[in-house]
Each structure stands twice: as C-alpha cells, then as structure tokens.
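Novice: okay, sequence plus prediction incoming.
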Amino acid sequence: MILRTTKYNPEFRNDQGYYLKEEWTAVSDIGKVFDGKVLTETDYIEDEKRYARTAKLLLENFEIESFYIIYLKKYRHKLEVLSIDEADDTARRKRLFKSVKDGSLLPVDNIEDVVILCLRNDIYCDIICGNPRLRLSFEYDYYMELDINFYDKKLINDLRQIGLFVEMFSSGIPDDAWDDA
C-alpha cells in the first residue's frame, strides 16, 4: 500500500487526480504569491517541519533505529539555507550532506534532516527499512510517499494529526522486492 502524504487537500483534485488549486511546490517559491498570499520563510518552514515530523513518526511508530539511503543524487554544491534557519541545524545538515552516500545506513536521529534536504531539493533519495518493510520517497511537487506492506489505521490517524493529508493507493512494488532490504 502507498500512503501519499502531502500538504495538498484531496478535495481540490479533479476526477483524473490532478490538483487544481494554485500552491507552492518548492523552497524556491518563497516570496511568490499563491492563492492571494505571499509564501514566507516561516510559512514554508511550518510545512517542512510537518513533513519531517511525519517521517519521524513513521519510523518511531515501527521502532526503527536506522534506515538506508538509496538512489541518492546530490543536486547542489551549496545547501539551500533560509535566513531563519538555526545555525546548529544548518551545520548539522551540511555535515550530513557531505558525508551521506548511496547505500548509507543512518540512525533514525537523521531522518528529519534527510527529509529537509530532500524537500529543499539539495538531494534526492529513497529511504528504506527492512523490518517492517517500508520505503519512503520524495516526489516532485512536495509529495512524500510511504510504501508499506500492511495497513495501520491508528498510524494513518496519527499522521493526519500532524496536519498533512494522507491518501491511500495500492503499491506497485512486488513483495519479493524487499528481500534484500
């Protein structure tokens, strides 16, 4: 099953699944007007933190202590840093950015920084864990998808409490694809 977790309210999708409301989709949209309101760094970071908390909740819910980074691509030589970012957070993300490699095994404490690096388009990667079998990926336009091999109603309700929308789809990944994870 795929849980697509986003800031996008599904009520604004048409019959083909296209999102019809004008929304920001990247950190580069800060300062632009959407739906009559200027996207500020503060507004951006509020949503970014929701995504980071969602990923952390997912891993904590399953008592996962570490995760693998796969399909890693680094897009920038210099990280996207916002003026309201804390200096300690920026320094920690810079160290992570420099050290992470495709196939890296990272402690769960790094999940929020990995999510932020992905959302700011500094890196692209998937996050996988072998037990329980799950894959977390970040798609274009601020989509975060969790591919998991079971349904947990309480988890879905907990995710919604963070303030993002959760949509469910069937998974396209065969069960045996996880055997080496």
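Specialist: It's in. What you see is a predicted model, and the numbers here were worked out from it, not measured in a lab.

Novice: next one: stretch 129-146 to chain centre, how far?
Specialist: On the basis of C-alpha atoms, centre = their mean, to the nearest Å, stretch 129-146 sits 7 Å off its chain's mean C-alpha point.

Novice: mind listing what's buried in it?
Specialist: For stretch 129-146, the neighbour count (16 or more other C-beta atoms under 10 Å) marks 129, 133-138, 142-146 as buried. Any C-beta I mention is one placed from the backbone N, CA and C, and that applies to glycine too.

Novice: quick one: residues in contact with it.
Specialist: 2-8, 24-26, 47, 51, 54-55, 58-59, 62, 64, 66-68, 115, 118-119, 124-128, 147-150, 173, 178, 181 (C-beta atoms under 8 Å, 6 or more residues apart in numbering).

Novice: state the mean pLDDT of that stretch.
Specialist: The average of the pLDDT scores along stretch 129-146 is 84.

Novice: so in the chain, which helix runs the longest?
Specialist: Longest helix of the chain, by residue count under DSSP state H: helix 41-61.

Novice: was I right to think D47 contacts T6?
Specialist: No. Counting by C-beta atoms under 8 Å, D47 does not reach T6; the two are 9.7 Å apart.
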